[in-house]
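Asker: Got a sequence here, can you build the structure:
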Amino acid sequence: MAKTSSYQKRFYRELREHKDLTYFTVMCKETDLLIAAERHLGKEGEEAVLKYRNQIEEYIETAPLFKDSLIALSSDPFAPKIVKEMLKAAEKAGVGPMASVAGAIAEYVGRDLLAYSGEIIVENGGDIFLKVLRDIVVEIFSGDSPLSGKLALKIKSENTPLGICTSSGTVGHSLNFGSADAVTIISASASLADAVATSTGNMIKKKEDISRGLQYAQSIEGVRGAVIIKEHSLGIWGDVEIEAVNSHYRTV
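Answerer: Have a look, this model is predicted:
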C-alpha cells in the first residue's frame, strides 16, 4: 500500500519507455498514477480514478472502520465491486482493507483502460497492474540495500494481466511494521498482491525472517511468486524469473 504524496518526487519513476507506448500521469487527490498505453488516455484515466475513488470514499462514509482498521473486516455483499475485492484480499492477508487500496485502484483503472488500449501499465506508488503483448522487465528498487537496482523480474506477456506490488519498511511512507528493503508479490490480483506485500513485509525484521516470509506468501492462495530483500540478503519463491538489469520499468 502506498501513501506517497502526489507532490513528492518519485525517483523510481525514472524509466525507459517501451517502444510504441505513450506514458502520461493522472493525478487526483492522493492518487498519482503513471500510465502507459497505446495512446494518451488521460481523460479516460481521470474518469476511472474518480469513479473508483468515489466508490471507496462513499463506502467509508457508511463504514468508517474500512479506512482505519489494521485487521481484516467482514465481507459486505452490498459493497461496490472494488471494495469487495479489497475486503477479500485483506481477509486472505490478515491486514486492514486499505492495505490493498493502491493495488486495487491500479488494477481497476487499468482494466477500464483496456477497453481503449491492448496494452496497459498502471503504476500507483510502486504497485503495478499490467497487461502487455511483449515481455517486460521490472526492476526492483530496494532503497539502500546493496541489491537495489541490480535485480529485475522478467514478466512474460502470456502471464498478464498481472499485479506486481511492493512493500518496503525502509522506503516511502506506507504503513509497514517490518524493516525489509523490499517485499515484492506477484498475483493475478493486484489487490491481493498489495495486501500480501504488506503482511509479508510486516514479518521481516532481520534477514533470518526471509524464509518465514516466503513460506507465508506461498501459503496464500492466489500468490504466484515473491521476492524479499533485506540488506544484502535475497529470498525468491514461485513463478519468478530474475535476469540481469536492463530495465524497461522500475518500481519501488
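
Asker: show me what contacts the closest residue to Cys28 other than its chain neighbours?
Answerer: For Cys28, ignoring the flanking residues on the chain, the nearest one in space by CB to CB, 6 or more residues apart in numbering is Val49 at 4.7 Å. In short, each C-beta sits where N, CA and C put it, glycine included. With contacts defined as CB atoms under 8 Å, 6 or more residues apart in numbering, the neighbours of Val49 are 26, 28, 31, 33, 105, 109.

Asker: Please give the three-state secondary structure assignment for Val49.
Answerer: State at Val49, reduced to three classes by DSSP: H, G, I helix; E, B strand; the rest coil: helix.

Asker: quick one: which helix or strand includes Ile128?
Answerer: Element membership of Ile128, judged by DSSP states H and E, is strand 127-131.

Asker: what does that strand rub up against?
Answerer: Contacts for strand 127-131 (CB under 8 Å, 6+ apart): 1-2, 102-103, 106-107, 109-111, 114, 118-122, 136, 138, 155, 160-166, 190, 193-194, 197, 249, 251.

Asker: what do you get if the cut-off is 7 Å, keeping everything else the same?
Answerer: 2, 102-103, 106-107, 110, 114, 119-122, 136, 160-166, 190, 194, 251 (CB atoms under 7 Å, 6 or more residues apart in numbering).

Asker: ok, which stretches of this structure are helices?
Answerer: In the chain, the helices defined using DSSP state H lie at 42-62, 65-68, 81-93, 101-113, 190-203, 210-218.

Asker: Tell me which of the ones you listed is the most buried.
Answerer: helix 190-203 (a mean of 31; mean count of other CB atoms under 10 Å).
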